[in-house]
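> let me see the structure of the following:
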Amino acid sequence: MVTSALIPAPKTYLGWAVDYTEPPGEPGFAAPGSVSWQVFKNPVALAIGGVAAVLLEFADPRIRSGVWDHSTFRTDPVGRSARTGIAAMVGVFGPQSAARRIIRGVTHMHANVAGVTPGGERYHALDPELLDWVSATAAYGFVTAYDRFAAPLADDAQSDFFAEGQAVARLYGAPNPIGSHPDFNAMLDRLLPRFEPHDINTQFLSIMASGRAAPAVPRGLHSALVNAAVDILPGEVRERLELGRAFDLSPRGRSTVKAMARIADRVPDLKSPAAQASARLGLPRSFPWRSRRTQARWLARAGWPGKAVAAP
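All right, here's what the predicted structure looks like:
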């Protein structure tokens, strides 16, 4: 299954068990049929969007130093990627009680992440400006990757996606989570003068392209996924980071990535968090991969109020 290959799915996080099927009926922070469910069920979009988000974060020396100096990514890329993936998944598909518990654990760890950049600037992981940017980069990366490679999303659907993630972003401590692409662009404009190229960016890309962070992905596909992530960066960011032609996504690579993303969008992974969350909420495990009409019928049958189906 492409999901298990691209998104590691450990059963515990910080020692806590994570079960997307329990307790029965407990809602998550994103409703079934939401744009968030549509995007987060697709492991290819998450893999591409996640790498793009990290590049956008590493563009700021404060975040780059914080992650590189205080995390295990260099020594344990598989474990670090797994933990990051589950923290993202639980905010969408997990029951709210589990999501709150995990997020509290993450913010508790971040309280101890502080230091000084090589340029002499102090940083702290709980700086509101940095928390806003981290939440913005993840939202931008995931929705843009899905739109470019899996299926086009209308502007209002993308705005819905941003809005759906605001509650979780605030739990992480972001005081001003973005609600639209203009919000993202405004934040980018403010931070862009700080962005700079750095060897850590290329080291990160080398780790991802080597397959160390996702060893189950078929050999030869890692570079295409990494180049796809570079491809969705705003042009001015790519220029600032000096990510040149070596990271261009080839026509063959683009076709391969699109094919993978579209297959993942159609073929149910009945062991994934998306399928397990569906079961918890009294829906068929294949619910996230079905048509909007079928989803609406199943939601009505299960008694879900209002319109909870993703926009086209």
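> where does the prediction get shaky in the stretch 51-200 of the chain?
Within the stretch 51-200 of the chain, the ranges that satisfy pLDDT under 70 run 72-83.
> helices or strands up against the helix or strand hosting residue 187?
Element membership of residue 187, judged by DSSP states H and E, is helix 181-191. Counting contacts by 3 or more Cβ pairs under 8 Å, 6 or more residues apart in numbering; DSSP states H and E, helix 181-191 is packed against helix 128-145, helix 155-164. No exception for glycine: its C-beta is placed from N, CA and C like everyone else's.
> need the phi and psi values for residue 154.
phi -60, psi 160 (degrees, to the nearest 10).
> typo on my end, it should be residue 297
Torsion angles, degrees, to the nearest 10, at residue 297: phi -70, psi -50.
> can you check residue 123 too?
Residue torsions, per degrees, to the nearest 10, at residue 123 are phi -140, psi 160.
> the closest residue to it other than its chain neighbours: what's it in contact with?
Nearest residue to residue 123, sequence neighbours excluded (Cβ to Cβ, 6 or more residues apart in numbering): residue 62, at 3.7 Å. Neighbour list for residue 62: 117, 121, 123, 127, 130 [criterion: Cβ atoms under 8 Å, 6 or more residues apart in numbering].
> re the thing from before, centre of the chain to whichever helix or strand comes after the helix holding residue 187, how far?
Moving toward the C-terminus from helix 181-191, the next helix or strand (DSSP H and E) is helix 199-210. Remark: helix 199-210 is offset 18 Å from the chain centroid, using Cα atoms, centre = their mean, to the nearest Å.
> okay, helix 199-210 in PDB with CA atoms only?
Written as PDB, here are the backbone C-alpha positions of helix 199-210 (Å, rounded to 0.1, in the frame of the first residue of the first chain):
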ATOM      1  CA  ASP A 199      23.800  23.800   3.800                       C
ATOM      2  CA  ILE A 200      21.200  22.400   6.100                       C
ATOM      3  CA  ASN A 201      18.600  22.800   3.400                       C
ATOM      4  CA  THR A 202      20.600  20.600   1.000                       C
ATOM      5  CA  GLN A 203      21.400  18.100   3.800                       C
ATOM      6  CA  PHE A 204      17.700  17.800   4.500                       C
ATOM      7  CA  LEU A 205      16.900  17.300   0.800                       C
ATOM      8  CA  SER A 206      19.700  14.700   0.600                       C
ATOM      9  CA  ILE A 207      18.300  12.700   3.500                       C
ATOM     10  CA  MET A 208      14.800  12.800   1.900                       C
ATOM     11  CA  ALA A 209      16.100  11.900  -1.600                       C
ATOM     12  CA  SER A 210      18.200   9.000  -0.200                       C
END
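> returning to what we had before: buried sites along the strand or helix carrying the residue nearest to residue 123?
Taking DSSP H and E as the definition, residue 62 sits inside helix 61-70. Neighbour counts over helix 61-70 (16 or more other Cβ atoms under 10 Å) mark 61, 62, 63, 64, 65, 66, 67 as buried.
> check the gap between the third one and residue 158 for me.
Translated: residue 63. According to Cβ to Cβ, to the nearest Å, residue 63 and residue 158 sit 24 Å apart.
> also the fifth one?
Taking Cβ to Cβ as the criterion, residue 65 is separated from residue 158 by 31 Å.
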